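> Return a 3D structure for these sequence lines:
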Amino acid sequence: MADAESLVTHGPLFHVVLHQPEIPNNTGNIGRTCVALASHLHLIYPLGFDVSEKACRRAGLDYWPRLNVAHHDSWDGYVNATSGARRWFFTTKATRTLFDVRISLGDHLVFGRETKGLPEEILRSDPEACVNLPMVPDERSLNLATAVCAGMYEGLRQCRDRGEVTLDSQGRISLT
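Take a look at the predicted model:
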């Protein structure tokens, strides 16, 4: 069985990328999910809130020091810092669902702002990488933290089904 430290030494399960997030509670929930799934968080500026140490402490984010978070000044800065990364763009505009693609360990799951989603130029940069989360007709979107969690756990399920990740008898993650 692998503990949290050994999972981290194998590299992150996933990279979660938030492009200009606006709501601090969503980012806080996403950060907690990243810690729980030994994943990295990338924040692309500008942000709609403060993530200074003082602000995180005041918000009671006791897990934040365990979060591996990278800050990027811009989309281009993020792309340059992560060249070679395989990215999946989550958008309600995609016609292919998350269930139709193969999410792998180390993939970057990219999400847009709560009010606008990802910019069109990002979506156009790789249309084959655009995926959606299935919903009933006429619903516009899910909450950002909910969408990130759904994407990460579907990726984990896929990796488990391929034998890249296992769960111990208590349902804890270990890499094979």
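
> wait, Asp126 sits on Thr91?
No: look at Asp126 against Thr91 with CB atoms under 8 Å: they stay out of range, at 11.5 Å. Quick note: C-beta positions are derived from backbone N, CA and C, even for glycine.

> Run through who's touching stretch 136-146.
The contact list for stretch 136-146, computed with CB atoms under 8 Å, 6 or more residues apart in numbering, reads 18, 21, 23, 25-26, 29-30, 33, 92, 111, 114, 117, 133, 135, 147, 150.

> for that stretch, how far is the first residue from the last?
One end of stretch 136-146 sits 16 Å from the other (CA to CA, to the nearest Å).

> List the buried residues for it?
141-142, 144-145 (16 or more other CB atoms under 10 Å).

> Quick check: mean pLDDT of it?
Mean per-residue pLDDT for stretch 136-146: 93.

> Not counting its neighbours along the chain, what's nearest Asn42?
That one is not Asn; residue 42 is His. Residue nearest to His42 in three dimensions, not counting chain neighbours: Val17, with 4.4 Å by CB to CB, 6 or more residues apart in numbering.

> Run a quick neighbour tally on that neighbour.
27 (other CB atoms under 10 Å).

> Bridged to it, which residues?
Taking DSSP bridges, one obtains His42, Val110 as the residues bridged to Val17.

> residue contacts, it?
42, 44, 78, 87, 108-111.

> One more pass at 7 Å, please.
Val17 sits next to 42, 44, 78, 108-111 when contact means CB atoms under 7 Å, 6 or more residues apart in numbering.
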